[in-house]
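K.L.:
Sequence first, predicted model second:
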Amino acid sequence: MKEPDLDDLRLFLAVADAGGLGSAARATGTSAPTLSRRMAALERRLNERLFERGPRGYALTAAGRSLAEDVAGLRQVQARLARRMSSPTLPRVRITAGLWTSRFIARQLGTARAPDAAWVPEIVASNATVDIARREADIGIRNRRPDQPWMAARRTIPIRYAVFAKNPDITGYIALPRGAADTPSGRWLRAHHESEIVTTASDMAFAREMAASGLGRVVLPTFAGAECDLVQIGPVIDALTHDEWLVSHHDGRHDPPVRAALDCLAGLLGDATLRP
């Protein structure tokens, strides 16, 4: 039996991660028909059925899951090669977090990261969950612990929210537009103060600036409110308090640049004096 080459296994992992040919084709730059032929050839070479093909895509069989586990280390090798090719000097570590945490990291990382660190941060601010399994990011900061078995996670500190305004006499609230308010804080504001919303902003950074000018109250993480000249109005909103998790792929976290970035971020995000 001829052994499969590494490129076949690379494409196999891409199809397994994507659960179908279309997404895998976009991720690999290989056409869907070519991927289909390569997967069929791989199955013939191994004399095993690796996928159940159906209208919803490609689902791994037991043999497919076993092969995916056996060759999972290729993902780490791919990630290292991708970083080496994208940066001739230091490898980049892609970090994703929500708006406020991303802004905090961007301001603090220059001090927290060692001057001789062998990695460079690439920060992506997004409230959407970026897929670490598909290597859309190396590290994520999330508001709940992931339940996927291939994800590693460590807790940082609780994140608390409160209402802030320029002064206590300010009334009315600034919110995101209804279609953009699908966050816990946005839902809380709509549920408790819908009738008091006086204006909207396209994102929460603008909402905070509007609040600082006296246009209304705004719901913010307490550390985001403390960064500017806003006054906390009332107690912490217990319903919005949540643990924060630093997450990475089980395989990728052993890559030295990712490991160094994780340790740096754990110290930074776990320092309650920097995020009161």
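P.N.:
Alright, I've got the coordinates.
K.L.:
Show me how this protein divides into domains.
P.N.:
Domain assignment for the chain, taken from automatic domain parsing, gives 6-71, 76-157+242-269, 161-240.
K.L.:
Of those, which is nearest Pro276?
P.N.:
Ranking the domains of the chain by distance to Pro276, with CB to CB as the measure, places domain 161-240 first at 5.5 Å. No exception for glycine: its C-beta is placed from N, CA and C like everyone else's.
K.L.:
Buried residues of the helix or strand encompassing Thr111, list them for me.
P.N.:
Thr111 belongs to helix 99-112 when assigned by DSSP states H and E. Using 16 or more other CB atoms under 10 Å as the test for burial, helix 99-112 gives Leu99, Trp100, Thr101, Ser102, Arg103, Phe104, Ile105, Gln108, Leu109.
K.L.:
got it, and stretch 149-163?
P.N.:
Met151, Ala152, Ala153, Arg154, Thr156, Ile159, Arg160, Tyr161, Ala162, Val163.
K.L.:
what about it, start to end distance?
P.N.:
37 Å (CA to CA, to the nearest Å).
K.L.:
Report the mean confidence score over that stretch.
P.N.:
For stretch 149-163, mean pLDDT rounds to 92.
K.L.:
What distance do you get for Ser202 to Pro184?
P.N.:
19 Å (CB to CB, to the nearest Å).
K.L.:
Between the two, which has more neighbouring residues?
P.N.:
Using other CB atoms under 10 Å as the criterion, Ser202 and Pro184 rank with Pro184 on top: 14 against 10.
K.L.:
Am I right that the more buried one is in contact with Leu240?
P.N.:
Yes. Judged on CB atoms under 8 Å, Pro184 makes contact with Leu240 at a distance of 5.6 Å.
K.L.:
From Ser102, how far off is Thr273?
P.N.:
20 Å.
K.L.:
Same check on Glu52?
P.N.:
From Glu52 to Ser102 the distance is 39 Å (CB to CB).
K.L.:
Check Arg37 too.
P.N.:
For Arg37, the distance to Ser102 - CB to CB - is 41 Å.
K.L.:
Arg154 too?
P.N.:
For Arg154, the distance to Ser102 - CB to CB - is 19 Å.
K.L.:
What of Gly73?
P.N.:
30 Å.
K.L.:
what's the answer for Arg113, then?
P.N.:
In terms of CB to CB, Arg113 sits 15 Å off from Ser102.
K.L.:
Then Ala211?
P.N.:
Ala211 is 20 Å from Ser102, by CB to CB.
K.L.:
Next: Arg92.
P.N.:
16 Å.
K.L.:
would you list every one of the helices in the chain?
P.N.:
Secondary structure of the chain, counting by DSSP state H: helices at 6-18, 21-28, 32-46, 62-70, 73-86, 99-112, 184-193, 204-212, 222-226, 256-269.
K.L.:
Which of the residues in the longest one are classified as buried?
P.N.:
Just to be clear, that refers to helix 32-46. Leu35, Ser36, Arg38, Met39, Leu42, Glu43, Leu46.
K.L.:
Okay, now the unreliable bits of the stretch 1-150 of the chain?
P.N.:
1-4, 80-81, 83-88, 129, 133-134 (pLDDT under 70).
K.L.:
follow-up on the earlier one: nearest to Ala14, of the buried residues of helix 99-112?
P.N.:
Once CB to CB is applied, the member of the buried residues of helix 99-112 that ends up nearest Ala14 is Ser102, at 27.9 Å.
K.L.:
what sits opposite the closest residue to that closest one other than its chain neighbours in the beta ladder?
P.N.:
Distance criterion CB to CB, 6 or more residues apart in numbering; nearest residue to Ser102, sequence neighbours excluded, is Ala125 at 3.6 Å. Here Ala125 sits in beta bridges with Ala97, going by DSSP bridges.
K.L.:
Against Arg135, how distant is the residue nearest to Ala261 when sequence neighbours are not counted?
P.N.:
Among residues not flanking Ala261 along the chain, Val93 sits closest, at 4.2 Å (CB to CB, 6+ apart). Applying CB to CB, the value for Val93 to Arg135 is 12 Å.
K.L.:
For Gly64, list the residues it contacts.
P.N.:
Ala16, Glu48, Arg49, Leu50, Phe51 (CB atoms under 8 Å, 6 or more residues apart in numbering).
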